[in-house]
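Enquirer: using only what follows, build the 3D model:
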Amino acid sequence: MTGKEAINLIKKAIPESAKLQQWADLGCGSGTFTNALAHLLPNGSHIYAVDNQFQNLPKIMHNKVSIDFLKADFKNFDFSFSNLDGILMANSLHYIEDKESLIRKLENYLSADKKFLIIEYDTEVANQWVPFPVSFQKLKELFIQFENMEVKKITERESVFGQGNLYAAVINTNNR
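Expert: Residues are numbered from 1 along each chain as shown. Reported below is the predicted structural model:
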């Protein structure tokens, strides 16, 4: 996926704002979506990029967004960061069998206005690359268990890997 395609997939989830933001990209891989997020965040924002394999990401990306890379397995790691504006998970939630427990854990790292940005394959058929698929319907069923959370599909595109469509969804705290 090109950087421009990644930006287009997630841009509806990141409203224009002058407020500095702090995000985590869990399962960042080579940084395609970390870079896309940096393009969309206000100047001077910060991203914690987390992956279980070492990734050589730049310390500063677009818009002077600073990057801290952490080599860690996000499902079994306790992070020192808190009060995040959002958590991005691009093609990483499908590696988690117990998604509910992970989401409950991750909620503790978010600010009061919780936001998850999920990119996944809209399929329920498992394979070696997508062991625990999370179709958009399954994503909605997962987050219905969490109080005041709203799930919205923001973009969809055909997968080049034949895994069905790739979708981007934003999960926000409902306004109270």
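Enquirer: phi first, then psi, for the spatially most central residue of the chain.
Expert: By CA atoms, centre = their mean, the chain has its centre lying nearest to Leu88, at 1.6 Å. Torsion angles at Leu88 (phi, psi; degrees, to the nearest 10) stand at phi -100, psi 130.
Enquirer: pretty sure it contacts Leu117?
Expert: Yes - assessed by CB atoms under 8 Å, Leu88 is found in contact with Leu117 at 4.6 Å. From N, CA and C alone the C-beta is placed, and that goes for glycine too.
Enquirer: now the strands for the chain?
Expert: Secondary structure of the chain (DSSP state E): strands at 22-26, 46-51, 66-71, 86-90, 115-121, 149-158, 165-173.
Enquirer: list the strands paired with the longest one, with their directions.
Expert: For strand 149-158, the paired strands and their directions (DSSP bridges) are strand 165-173 (antiparallel).
Enquirer: mind showing which ranges of this structure have poor pLDDT?
Expert: 161-163, 174-176 (pLDDT under 70).
Enquirer: I'd say Gly86 and Gln21 touch.
Expert: Yes - assessed by CB under 8 Å, Gly86 is found in contact with Gln21 at 7.2 Å.
Enquirer: neighbour count for those two, which is higher?
Expert: Gly86 (24 against 20; other CB atoms under 10 Å).
Enquirer: the more buried one and Val130: what is the separation?
Expert: 23 Å (CB to CB, to the nearest Å).
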